[in-house]
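Asker: Fold the following, please.
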Amino acid sequence: MRSAVQYLARSSIALNIALLGCSSADPTLYAIAPINGAEHQTAPRVILIQQLGLARYLERSRIVRSSENYRLDVINNDWWGEPLSAMLSRVLVTELGQRLPRSTVISEVGAVSAAADATIALNIERLDEDAYGNLVLQAQAGVRFKRRDTPVLRGFRVSVPISSAGTPGEVAAISTAVSRLADGLAAMLVAGPSGR
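Answerer: A predicted model of the protein is given here:
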């Protein structure tokens, strides 16, 4: 009986040592950076960005490198610093606010609320690397203007070459792609309900 207890104790100690040896290092955290664009002086006064629709494969802490060839390539120890949908919303609020300095841009998920003159609905369908080494952002946007029943709709496909290897290069390309999306959304808001 005593030798069985000693054996179990030694086995437990060995298992704990093995588990400690297999534990991974803390993940490296990344954030998308806002990038300035051209300013426009005419746009709706209050702009609301609704909660973003995000493709389910992107709803994870780990950064997705690619979804090519029927396979999801996820980077094990490189994570987003916050949920991706929240980060995209925050960055777009900042970028649209810079591009439309006479407008107030708020997020539906934030603490501040106001009656909106224009509301942006956005689905992000793809945000990863293609087989040619380009970062691809694919999205659908709808802008609903006050006193107009039907939204102005537009699809976006942005491709940005990844200029440096590894996750920092991918995140830099994502930042550029999101800034181009902000340019397109700003153009929709400036054009107004006519879409011109």
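
Asker: Who are the packing partners of the lengthiest helix in the chain?
Answerer: Determined from DSSP state H, the single longest helix within the chain is helix 166-191. Applying 3 or more Cβ pairs under 8 Å, 6 or more residues apart in numbering; DSSP states H and E, one finds that helix 166-191 contacts strand 28-30, strand 62-66, helix 84-99, strand 118-129, strand 134-145, strand 152-161. The C-beta positions use only the backbone N, C-alpha and C, and glycine is treated the same way.

Asker: Please convert the ones you listed to JSON lines, extending it with mean neighbour count, mean pLDDT and distance to residue 52.
Answerer: Listed next are the helices and strands packed on helix 166-191 as JSON lines, based on neighbours: other Cβ atoms under 10 Å; pLDDT from 0 to 100; distance: least, Cβ to Cβ, whole Å:
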{"stretch": "strand 28-30", "mean neighbour count": "15", "mean pLDDT": "96", "distance to residue 52": "18"}
{"stretch": "strand 62-66", "mean neighbour count": "19", "mean pLDDT": "94", "distance to residue 52": "16"}
{"stretch": "helix 84-99", "mean neighbour count": "20", "mean pLDDT": "97", "distance to residue 52": "5"}
{"stretch": "strand 118-129", "mean neighbour count": "20", "mean pLDDT": "97", "distance to residue 52": "5"}
{"stretch": "strand 134-145", "mean neighbour count": "19", "mean pLDDT": "97", "distance to residue 52": "9"}
{"stretch": "strand 152-161", "mean neighbour count": "15", "mean pLDDT": "97", "distance to residue 52": "13"}
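
Asker: Out of the ones you listed, the one nearest residue 191 is which?
Answerer: strand 152-161 (7.6 Å; Cβ to Cβ).

Asker: now the angle between strand 118-129 and the closest one, please.
Answerer: 30 degrees (axes from the mean of the first three to the mean of the last three Cα atoms, to 10 degrees).

Asker: Give me the contacts around strand 152-161.
Answerer: 130, 133-145, 173-174, 176-177, 180-181, 184, 188, 191, 193, 195 (Cβ atoms under 8 Å, 6 or more residues apart in numbering).

Asker: and that strand with strand 134-145, angle?
Answerer: 160 degrees.

Asker: re the thing from before, average pLDDT for the longest helix of the chain?
Answerer: For helix 166-191, mean pLDDT rounds to 96.

Asker: That helix: how far from the chain's middle?
Answerer: The chain centroid and the centroid of helix 166-191 are separated by 10 Å under Cα atoms, centre = their mean, to the nearest Å.

Asker: tell me which residues of that helix are tucked away?
Answerer: By 16 or more other Cβ atoms under 10 Å, the buried positions in helix 166-191 come out as 167, 169-183, 185-186, 188-190.

Asker: quick check: angle from that helix to helix 84-99?
Answerer: Going by the same axes, to 10 degrees, helix 166-191 makes 50 degrees with helix 84-99.

Asker: Sounds good, over and out.
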